[in-house]
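[1] Build the 3D model from these lines:
(2 chains)
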There are 2 protein chains.
Amino acid sequence: MRFELTILGSSSALPTSERFPTAHVLNVHERFFLIDCGEGTQVQIRRLRIPLSRIHHIFISHLHGDHYYGLPGLIASMDLLGRRHPLSIYGPPDLERLVMDFSHLNEALKYELRFHALDPEQPLLILDHEVVDVWALPLKHKIKTHGFLFREKPGLPHIRKEVIDELGLSIRDIQWIKSGNDWISPEGEQHTNQSLTLPASNPRTYAYMSDTRFMPEAAAWVAGADLLYHEATYDHAHRKRAWATGHSTAHEAAELARLAQVKKLVIGHFSARFKTTDGLLSEAREVFSETVAACDGLKIPIGSSEPTLL
Amino acid sequence: MRFELTILGSSSALPTSERFPTAHVLNVHERFFLIDCGEGTQVQIRRLRIPLSRIHHIFISHLHGDHYYGLPGLIASMDLLGRRHPLSIYGPPDLERLVMDFSHLNEALKYELRFHALDPEQPLLILDHEVVDVWALPLKHKIKTHGFLFREKPGLPHIRKEVIDELGLSIRDIQWIKSGNDWISPEGEQHTNQSLTLPASNPRTYAYMSDTRFMPEAAAWVAGADLLYHEATYDHAHRKRAWATGHSTAHEAAELARLAQVKKLVIGHFSARFKTTDGLLSEAREVFSETVAACDGLKIPIGSSEPTLL
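    Residues are numbered from 1 along each chain as shown, chains lettered A, B, ... in the order given. From the prediction side, this is the model:
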């Protein structure tokens, strides 16, 4: 079952000819969750062949343009493409009014937009979805901003491969056993659930730390995440500027990854002043070696890549 | 002196992986005029190396998203790049409120935005600029929409090349003669202005017919234009749909070019249903042979390409 991140945009406020502003898509078992939506996100979705019709949830971290200017165009295009399924958008309380007013779409839309206002001061579960739980995390930026934590729902146990043939299990039998039951063969032979199954895979997590100052206190929220995205707008030489503008350095992003003992770190939201990310990447890797630098179009499979089991 | 159009976006409402929504840039003597501003225009400007800091006038035809959703991002980026020069935006009366509200930029901007509300029912001169006059043309679309006509300011006469050396004219002499005066040599020999000059080049014109139904009455407004852009969202087979949605077919675009006896036609704003523009182009060329199809990045020098004369 896939749990994979695609970076659609990796610039900070000023896009470049190679980097669109921030947007990520998380694929959880072929359900697609859009995280932030800078200008041009719909173009990137199309180019990277993300199925637009399978995005039903969008999460907007805050009201700086590079994180939401792409929403009106995306909403309009979904309509033009014949969408009928409701679309849920989680974001700051003002977002609904701003988008609906600017987009001039209110009466024309042929599907339902459901805005969910986010304003928690503490981590809060904002979506309890079939395949994933989503938490909003209050960050420390110039304006109210939230990060998001995606935690895969625990799966069912796996059936031991060898017993399927051995006992001649049917699909129905397998479902019965995966639901936690013991199994009795047609001959009356009893098998405990434990003898037939392997534990479910560990639920995977993706933590998205949008624009923020370094927040060591966030380490507890994202502890052990399989993948942490953390903004790294600046390098260590610009740490004062980072602090003044409510941003982080590559060093600080890596420091949070280290504190939280995550498995992997991806840094992004790079200031256009850096012509290459080499410096930022090596700065981060000095603190946390399992770091990669975001670029538009990058796909990162998250967590264990166990073969799919029944 | 350059008079050149660059197509930044050529899709209709739904962008594709190859076509951004509508935006054109007209270069008049190295002054750059932006016409419409769909989502992603700033990215295209950067990719096509248009000097952003030399755009001081933006014209927005109407309030459908594919013509203005790119404005907030463009305005914000100009600010981030240190702009101080005022920026004039000509468009529908509601545009200022929509953009300023949505963009969340009002207090932060370090340069002046000057919105000019357009609402004329007849062609109206809206900008009398050093190098060009700009007229708004009322079109027939589903909502109030304007096209724009750019007419180069008449130039000064050219000095006959051979007389410069023959008479030993200085730069100051040349300026004196170009301003319409006769010239007397140090030896007292008199030369009439007419004997020294060739007439100024014909002012060049670019007519931009944004989203509209076929309007034969517009032929008089754009008569003789060096370049006419006309939307061609549909082909002839979809002519009823074109009419119903306030759009034109390739055939109709060409028919206007023929009626107005323009020099060249460029069609654009293609519906995403057309995988190639071949059919639209041949449909138009049957009526008006001097037709080209817009594509993103296309540059079209407009009018006579006379060598630069003094």
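[2] In contact with the nearest residue to A:P21 once chain neighbours are set aside, which residues are there?
    With Cβ to Cβ, 6 or more residues apart in numbering or on different chains as the criterion, A:P21 has its nearest non-adjacent residue at 2.7 Å, and that residue is A:G38. Every C-beta, even on glycine, is put in place using the N, C-alpha and C of the backbone. Counting by Cβ atoms under 8 Å, 6 or more residues apart in numbering or on different chains, A:G38 touches A:9, A:11, A:15, A:20-23, A:65-70.
[3] pretty sure A:G38 is in a strand, no?
    No: per DSSP: H, G, I helix; E, B strand; the rest coil, A:G38 lies outside any strand segment and is coil.
[4] hang on, the earlier thing: could I get the contacts of A:G38 as JSON lines with secondary structure, pLDDT and neighbour count?
    Shown next, in JSON lines, are the contacts of A:G38 (DSSP: H, G, I helix; E, B strand; the rest coil; pLDDT from 0 to 100; neighbours: other Cβ atoms under 10 Å in any protein chain shown):
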{"residue": "A:G9", "secondary structure": "strand", "pLDDT": "98", "neighbour count": "29"}
{"residue": "A:S11", "secondary structure": "strand", "pLDDT": "96", "neighbour count": "23"}
{"residue": "A:P15", "secondary structure": "coil", "pLDDT": "93", "neighbour count": "25"}
{"residue": "A:F20", "secondary structure": "coil", "pLDDT": "96", "neighbour count": "25"}
{"residue": "A:P21", "secondary structure": "coil", "pLDDT": "97", "neighbour count": "33"}
{"residue": "A:T22", "secondary structure": "coil", "pLDDT": "98", "neighbour count": "32"}
{"residue": "A:A23", "secondary structure": "strand", "pLDDT": "98", "neighbour count": "28"}
{"residue": "A:G65", "secondary structure": "helix", "pLDDT": "96", "neighbour count": "20"}
{"residue": "A:D66", "secondary structure": "helix", "pLDDT": "97", "neighbour count": "27"}
{"residue": "A:H67", "secondary structure": "helix", "pLDDT": "98", "neighbour count": "26"}
{"residue": "A:Y68", "secondary structure": "coil", "pLDDT": "98", "neighbour count": "30"}
{"residue": "A:Y69", "secondary structure": "coil", "pLDDT": "98", "neighbour count": "28"}
{"residue": "A:G70", "secondary structure": "coil", "pLDDT": "98", "neighbour count": "31"}
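[5] And the next helix or strand past the helix or strand containing A:S282?
    Using DSSP states H and E, A:S282 sits within helix A:278-287. As assigned by DSSP H and E, the chain's next helix or strand after helix A:278-287 is strand A:291-293.
[6] Quick one: list the elements packing against that next one.
    Packing contacts for strand A:291-293, counted by 3 or more Cβ pairs under 8 Å, 6 or more residues apart in numbering or on different chains; DSSP states H and E, involve helix A:250-260, strand A:265-268, helix A:278-287.
[7] outside of the last one, which residues touch it?
    Contacting residues not belonging to helix A:278-287 are listed as A:232, A:235-236, A:249-251, A:253-255, A:257-258, A:265, A:267, A:270, A:274, A:291-293 [Cβ under 8 Å, 6+ apart].
[8] mind listing what's buried in it?
    With burial defined by 16 or more other Cβ atoms under 10 Å in any protein chain shown, the residues of helix A:278-287 counted as buried are A:280-281, A:283-285, A:287.
[9] can you give me the angle it makes with helix A:250-260?
    Counting by axes from the mean of the first three to the mean of the last three Cα atoms, to 10 degrees, helix A:278-287 lies at 30 degrees to helix A:250-260.
[10] before we move on, back to that, closest one to A:L87 among the helices and strands packed on strand A:291-293?
    Nearest to A:L87 among the helices and strands packed on strand A:291-293 is strand A:265-268 (24.9 Å), distances taken as Cβ to Cβ.
[11] What strands line up against that closest one, and which way round?
    Sheet pairing of strand A:265-268 (DSSP bridges) gives strand A:227-231 (parallel), strand A:291-293 (parallel).
[12] Would you convert these into a markdown table that also reports mean neighbour count?
    Output for the strands paired with strand A:265-268, formatted as a markdown table (neighbours: other Cβ atoms under 10 Å in any protein chain shown):
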| stretch | mean neighbour count |
| --- | --- |
| strand A:227-231 | 30 |
| strand A:291-293 | 21 |
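[13] any chance of those in JSON lines, plus distance to B:L124 and mean pLDDT?
    Shown next, in JSON lines, are these (distance: least, Cβ to Cβ, whole Å; pLDDT from 0 to 100):
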{"stretch": "strand A:227-231", "distance to B:L124": "48", "mean pLDDT": "98"}
{"stretch": "strand A:291-293", "distance to B:L124": "52", "mean pLDDT": "98"}
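[14] between these, which one is nearest to B:F150?
    strand A:227-231 (42.7 Å).
[15] Which residues does that closest one contact?
    Contacts for strand A:227-231 (Cβ under 8 Å, 6+ apart): A:5, A:12, A:24, A:205-212, A:222, A:247-248, A:252-253, A:256-257, A:260, A:262-269, A:294, A:300, A:302-303.
[16] where does the residue of chain A found nearest chain B land in three-state SS?
    Residue nearest to chain B within chain A (Cβ to the nearest Cβ): A:F102, separated by 3.6 Å. Assigned by three-state DSSP, the conformation of A:F102 is helix.
[17] quick one: the helices in chain A?
    A:41-47, A:71-80, A:95-103, A:161-167, A:171-178, A:193-196, A:239-244, A:250-260, A:278-287 (DSSP state H).
[18] so for the first one, what's the average pLDDT?
    Right, the one you point to is helix A:41-47. For helix A:41-47, the mean pLDDT works out to 96.
[19] follow-up on the earlier one: nearest residue to the residue of chain A closest to chain B in space, ignoring adjacent ones along the chain?
    Nearest residue to A:F102, sequence neighbours excluded (Cβ to Cβ, 6+ apart): B:F102, at 3.6 Å.
[20] Same question for A:L34.
    Nearest non-adjacent residue to A:L34, counting by Cβ to Cβ, 6+ apart: A:I58, 4.5 Å away.
[21] Beta-bridge partners for the one you found, please?
    A:L34, A:I89.
[22] just checking, it touches A:Y90?
    Yes: when contacts are counted by Cβ atoms under 8 Å, A:I58 is listed as touching A:Y90 (7.1 Å).
[23] The closest residue to A:D226 other than its chain neighbours: what's it in contact with?
    Residue nearest to A:D226 in three dimensions, not counting chain neighbours: A:G303, with 3.9 Å by Cβ to Cβ, 6+ apart. Contact analysis of A:G303 by Cβ under 8 Å, 6+ apart lists A:3, A:202, A:204-205, A:226-227, A:263.
[24] For chain A, which residues are neighbours of chain B?
    A:13-17, A:20-21, A:39-40, A:42-43, A:46-47, A:63-66, A:69-70, A:72-73, A:76-77, A:80-81, A:98-99, A:101-105 (Cβ under 8 Å from any Cβ of the partner chain).
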